[in-house]
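J.: need a 3D model of the sequence below.
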Amino acid sequence: MASSVLRGRRFRRLRRGIYAEVAVADALEIQVDAALLVLPGDAVLSHHTAAQLRGLPVPSSRQVHVTLPPAVERSRAGGVRSHVGTPRIVRHDGRALSAPAENFLELAETLCLVDLVVLGDAMVRRGLVTCDELRKAVATTGRRRGVRTARRAAQLVRAGVDSPMETRVRLLVVLAGLPEPEPNVVIRDEVGEWVGVVDLAYPDLKIAIEYHGDVHRTKRAKWRSDVTKAELLRALGWTVIILTADDIESRPERTLLRVRSALVEAGHPKVPAAVDPAWRAHLLPRWARDRQDWARADQAS
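T.: Numbering: from 1, shown residues only. The predicted structure is shown next:
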């Protein structure tokens with residue numbers, strides 16, 4: 001009787017002798033737990049899988065990534081990607097995951113610079129690791145693959161960044177050689193009254209950069225709040241640059257010119273004569289490769 005039920009439409013076979021209800025069979029946690037049932041007991045969830053289980057923004061991976069000690073034979077189970085190492089372990093919802101700083105180093109082997117900074121910003125924002133801890137980890141690691149990317153990314157990670165898109169806007173500006181704006185700056189008026197928090201700013205020059213994601217269109221209260229905030233800032237003498245996904249993905253050159261012009265007009269002493277084209281190597285390939293990540297990040301911003 002049991003076997004006939006499992007062969008029905010209600011269940012899906014995940015692995016030999018392991019079934020799950022169809023409604024939940026594709027859930028990451030179910031796929032992970034099914035894989036762990038056929039893996040050695042000292043397998044540690046790592047790389048993309050560890051980051052996804054933590055709810056961090058990384059490109060999705062269809063494989064369950066695990067790290068096994070050097071003496072253990074690498075798994076050949078379908079849908080499992082085995083790595084070799086002895087990472088420091090932390091428990092997350094009862095599962096053994098590689099520690100956050102090590103997870104950052106693991107992913108430096110495959111992620112591009114921008115995606116790695118997005119990951120680092122999110123880790124710091126969630127309180128999983130500090131900027132200093134990330135920098136110490138990359139400075140002392142014995143890894144070889146991805147170390148250069150990890151070291152550069154760790155230097156670009158900042159505290160207080162609210163979304164992947166805010167990270168990408170900041171990196172567009174920084175990698176183009178323009179002065180770096182501060183993330184999530186609290187603005188008050190002349191008498192100390194709260195005005196709001198801006199995504200990125202040059203406070204001394206009264207320049208604010210605001211990224212408006214899809215939430216600004218779908219949630220009317222959010223849209224009204226940000227319109228009011230922009231009006232108050234302009235009344236206080238601020239220059240407010242409002243950006244959408246199109247300004248970053250389709251019109252990055254124009255966006256950089258807008259930021260540079262605002263800096264020049266405000267008298268910033270270190271504005272380059274022209275933007276550095278090096279940003280293209282880091283951002284344009286990523287944007288062209290995976291538009292779905294943009295939609296997810298836009299929805300979250």
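
J.: quick one, helices of the stretch 1-150 of the chain?
T.: Ranges of helices within the stretch 1-150 of the chain are 2-6, 28-36, 47-53, 100-107, 113-125, 131-140, 147-156, based on DSSP state H, counting those that start in this stretch.

J.: most tightly surrounded among these?
T.: Stretch with highest mean neighbour count among these: helix 100-107 (a mean of 26; mean count of other Cβ atoms under 10 Å). Every residue, glycine included, has its C-beta placed from N, CA and C.

J.: just want the angle from it to helix 147-156.
T.: 130 degrees (axes from the mean of the first three to the mean of the last three Cα atoms, to 10 degrees).

J.: what's helix 100-107 in contact with?
T.: 46-48, 50-51, 54, 58, 67, 83, 87-88, 90, 97-98, 116, 119-120, 123, 128-129, 133-134, 136-138, 141, 143, 146, 150, 154 (Cβ atoms under 8 Å, 6 or more residues apart in numbering).

J.: return the distance of that helix from the chain's centre.
T.: 13 Å (Cα atoms, centre = their mean, to the nearest Å).

J.: would JSON lines of the helices of the stretch 1-150 of the chain with distance to residue 196 and mean pLDDT be doable?
T.: Listed next are the helices of the stretch 1-150 of the chain as JSON lines, based on distance: least, Cβ to Cβ, whole Å; pLDDT from 0 to 100:
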{"stretch": "helix 2-6", "distance to residue 196": "56", "mean pLDDT": "58"}
{"stretch": "helix 28-36", "distance to residue 196": "36", "mean pLDDT": "84"}
{"stretch": "helix 47-53", "distance to residue 196": "31", "mean pLDDT": "96"}
{"stretch": "helix 100-107", "distance to residue 196": "31", "mean pLDDT": "97"}
{"stretch": "helix 113-125", "distance to residue 196": "19", "mean pLDDT": "96"}
{"stretch": "helix 131-140", "distance to residue 196": "25", "mean pLDDT": "96"}
{"stretch": "helix 147-156", "distance to residue 196": "26", "mean pLDDT": "97"}
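
J.: these: which one's closest to residue 177?
T.: helix 147-156 (13.6 Å; Cβ to Cβ).

J.: which residues does that closest one contact?
T.: Applying Cβ under 8 Å, 6+ apart, the contact partners of helix 147-156 are 104-105, 108, 111-113, 116-117, 120, 131, 134-135, 137-139, 141, 143, 171, 174.

J.: following it, which helix or strand comes up?
T.: With elements assigned by DSSP states H and E, the helix or strand that comes after helix 147-156 is helix 164-175.

J.: in the following helix or strand past that next one, what's buried?
T.: As assigned by DSSP H and E, the chain's next helix or strand after helix 164-175 is strand 182-188. Buried residues in strand 182-188, counting neighbours by 16 or more other Cβ atoms under 10 Å, are found at 183, 184, 185, 187.

J.: after strand 182-188, next one along is what?
T.: Taking DSSP H and E, what comes next after strand 182-188 is strand 194-202.
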